[in-house]
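Enquirer: pasted the sequence and its predicted model underneath.
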Amino acid sequence: MAEMNIGFRHAPREHAQREHARRGAANAYPFNLSLAAGEITAVVGADRAWQTALAAALTGDPSAFSATLTLNGKTLTPRSPREALALGVVALRPEPLIFPSLTAAENIRAFLPKAPPLAACAALWRELSADSFPAKTPAAALSLADRRRLELIRARLIAPQLLIIDEGLTAFAPADATRIFDFCRPIPTRVLLLTAAPSAVLGADNFYAADADNLSAKTPATPANIDQLTARLYPAAAAAKMGKTVLEILGLQIRRAANALSLTARRGEILGITGLAGQGGEDLWRVLSGAQKAVKGVLSVDGKNLRLARVSRAALVKAGIVEFTGNFSDEASVPAAEVYLFRDDERGGGGREIMTRLAADGKAVVYFSANFDRQLRWTQTLAVFHHGALLPPRATDKWTFAELTAAAASGKTGLASLL
């Protein structure tokens, strides 16, 4: 099959159309990617805005930036989601497109013109999982990883010209990436992986490195090249002087029958909280930000105690714990505090400089992210969630990437996690 070329302008569609008329098609779309059939190609960048804009443009979002697809000598611009699908473009977004009330089998069939046999769905499931196919299980009862598997099966049955995986691997352990990529190759399609995590590129064929103004040359996804990419996108955290304990959490039970956990953070410390999706990090974030009450537990900030079973957001802010929300450029609007909560979202990694500055000022920073690359290079101490249990924190420089990913998947640390 022919190679597909993608032209993309990191500017609104109207601007690209004016440039097309003024300069001609060759110069209207300055960023260009090439994808061969059966090839896994990634676009990696610390700024998620780049990937979000590219995914929206390729799937015909009318408010998005502009992109063109060139295949077999024909150049096309998707102008609506329906038109993008007709051109053979399918996207797996960060949140799976799954109906919770439908069963697994019904979700696979929901977007297909002809319902595939149940046996065919089960056979495809076995390529992605060692577990039996949960055909009659409502999607609401499935894990995030299993809901993502349903989307992958649906995409395989559609057999698109271009499959976009927009941060679609975060639900899986990194070791599963190769299996997922192998599942996608027989379509045959072109897979475009959009991610902020260089580690997600392991198992892919090539990658492009992106920032606000540049797109690198296509580069083979070898371990050495990925290590260089990681160092460039996520420079190592500067050493910090850590002082006395300012945040202490004792006997925190977030849900009934869940494990109780304890945690401390010191002044000048950037403490990372990580793990696979759905393992407990999001629950801890909600409790500390006041969005969710715990079953029991005590939180102390500089000796001021709060019972987490009945604490409010206002009480947490008064005690000195602040969730850093809004645009990172709005730093002045954030109340003064002793402990700052950060997490990854659509803003990408733009908060690293602020986290480092707050730590240098003697504040404690708690950074929630499932991006292992950032955690290993931006934090001083790192704790890992596994099935609701928080493994004991340890110095970030004592973790290797292999140990961290294995601990997140198995709940074990050290050599035992690698067995």
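Expert: That came through fine.
Enquirer: need the helices for the stretch 101-250 of the chain, in chain order.
Expert: Shown for the stretch 101-250 of the chain, the helices assigned by DSSP state H, counting those that start in this stretch span residues 104-109, 118-128, 144-158, 177-184, 223-233.
Enquirer: out of those helices, nearest to Ala53?
Expert: helix 223-233 (17.7 Å; CB to CB). Any C-beta I mention is one placed from the backbone N, CA and C, and that applies to glycine too.
Enquirer: what helices or strands is that closest one leaning on?
Expert: strand 206-209, helix 372-378 (3 or more CB pairs under 8 Å, 6 or more residues apart in numbering; DSSP states H and E).
Enquirer: could you identify which of the ones you listed has the lowest mean pLDDT?
Expert: The weakest mean pLDDT among the helices and strands packed on helix 223-233 belongs to helix 372-378, with a mean of 85.
Enquirer: what does stretch 127-146 contact?
Expert: Stretch 127-146 has contacts (CB atoms under 8 Å, 6 or more residues apart in numbering) with 96, 98-105, 107, 118, 121-122, 125-126, 147, 149-150, 152-153, 171-172, 176, 179-180, 182-183, 277-278.
Enquirer: state the distance from Ala56 to Asp166.
Expert: Applying CB to CB, to the nearest Å, the value for Ala56 to Asp166 is 9 Å.
Enquirer: more neighbours, the two?
Expert: Asp166 (23 against 18; other CB atoms under 10 Å).
Enquirer: hmm, the more buried one is touching Leu92, no?
Expert: Yes. With contact defined as CB atoms under 8 Å, Asp166 reaches Leu92; the gap is 6.4 Å.
Enquirer: out of the helices and strands packed on helix 223-233, the one nearest Gly251 is which?
Expert: Nearest of these to Gly251, taken as CB to CB: helix 372-378 at 25.5 Å.
Enquirer: just checking, what packs against that closest one?
Expert: Judged by 3+ CB pairs under 8 Å, 6+ apart, helix 372-378 is in contact with helix 223-233, strand 270-274, helix 352-360, helix 401-410.
Enquirer: so after the shortest one, what's the next helix or strand?
Expert: Moving toward the C-terminus from strand 270-274, the next helix or strand (DSSP states H and E) is helix 281-289.
Enquirer: tell me the helix or strand right after that following helix.
Expert: strand 296-301.
Enquirer: helices and strands around the helix or strand that that following strand is followed by, which ones?
Expert: Beyond strand 296-301 on the C-terminal side, the first helix or strand identified by DSSP H and E is strand 304-307. Counting contacts by 3+ CB pairs under 8 Å, 6+ apart, strand 304-307 is packed against strand 296-301, helix 313-319.
Enquirer: so what touches the last one?
Expert: Read that as helix 313-319. Applying CB under 8 Å, 6+ apart, the contact partners of helix 313-319 are 288-291, 299, 301, 304, 306, 335, 337.
Enquirer: any of these buried? List them.
Expert: By neighbour count, with 16 or more other CB atoms under 10 Å, the contacts of helix 313-319 hold 288-290, 299, 301, 306, 337 as buried.
Enquirer: want to throw those into JSON lines with pLDDT and distance to Ser34?
Expert: Listed next are those as JSON lines, based on pLDDT from 0 to 100; distance: CB to CB, whole Å:
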{"residue": "Leu288", "pLDDT": "90", "distance to Ser34": "45"}
{"residue": "Ser289", "pLDDT": "87", "distance to Ser34": "43"}
{"residue": "Gly290", "pLDDT": "87", "distance to Ser34": "48"}
{"residue": "Leu299", "pLDDT": "90", "distance to Ser34": "52"}
{"residue": "Val301", "pLDDT": "92", "distance to Ser34": "53"}
{"residue": "Leu306", "pLDDT": "88", "distance to Ser34": "56"}
{"residue": "Ala337", "pLDDT": "86", "distance to Ser34": "48"}
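Enquirer: so Thr68 bridges to which residues?
Expert: Gly7 (DSSP bridges).
Enquirer: Ile6 versus that one, what's the distance?
Expert: In terms of CB to CB, Thr68 sits 7 Å off from Ile6.
Enquirer: nearest to Ser80, out of the helices of the stretch 101-250 of the chain?
Expert: Among the helices of the stretch 101-250 of the chain, if distance is taken as CB to CB, the winner is helix 144-158, at 17.6 Å.
Enquirer: now do the closest one against helix 118-128, angle only.
Expert: 120 degrees (axes from the mean of the first three to the mean of the last three CA atoms, to 10 degrees).
Enquirer: mean confidence (pLDDT) on helix 144-158, please.
Expert: 91.
Enquirer: only alpha carbons, please: show that helix as CSV.
Expert: These are the backbone C-alpha positions of helix 144-158, laid out as CSV (Å, rounded to 0.1, in the frame of the first residue of the first chain):
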residue,chain,number,x,y,z
LEU,A,144,-10.1,1.2,31.7
ALA,A,145,-7.7,-1.2,30.0
ASP,A,146,-10.5,-3.6,28.9
ARG,A,147,-12.6,-0.7,27.6
ARG,A,148,-9.6,0.4,25.6
ARG,A,149,-9.3,-3.2,24.2
LEU,A,150,-12.9,-3.0,23.0
GLU,A,151,-12.0,0.2,21.0
LEU,A,152,-9.0,-1.5,19.5
ILE,A,153,-11.0,-4.5,18.4
ARG,A,154,-13.6,-2.1,16.8
ALA,A,155,-10.8,-0.2,15.0
ARG,A,156,-9.4,-3.5,13.7
LEU,A,157,-12.8,-4.5,12.3
ILE,A,158,-13.3,-1.1,10.7
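Enquirer: tell me the domain ranges of the protein?
Expert: Taking automatic domain parsing as the domain assignment, the ranges for the chain are 4-232, 245-418.
Enquirer: just name the most buried of the helices and strands packed on helix 372-378.
Expert: By mean neighbour count, with neighbours taken as mean count of other CB atoms under 10 Å, strand 270-274 ranks first of the helices and strands packed on helix 372-378 at a mean of 26.
Enquirer: that one packs against which elements?
Expert: helix 281-289, helix 352-360, strand 364-368, helix 372-378, strand 381-386.
Enquirer: out of the ones you listed, which comes closest to Thr75?
Expert: That would be helix 372-378 among these, by CB to CB, at 35.4 Å.
Enquirer: contact partners of that closest one?
Expert: So helix 372-378 is contacted by 174, 196-199, 230, 233-237, 270, 272, 274, 344, 349, 352, 355, 367, 369, 382, 396, 399, 401, 404-405, 408 (CB under 8 Å, 6+ apart).
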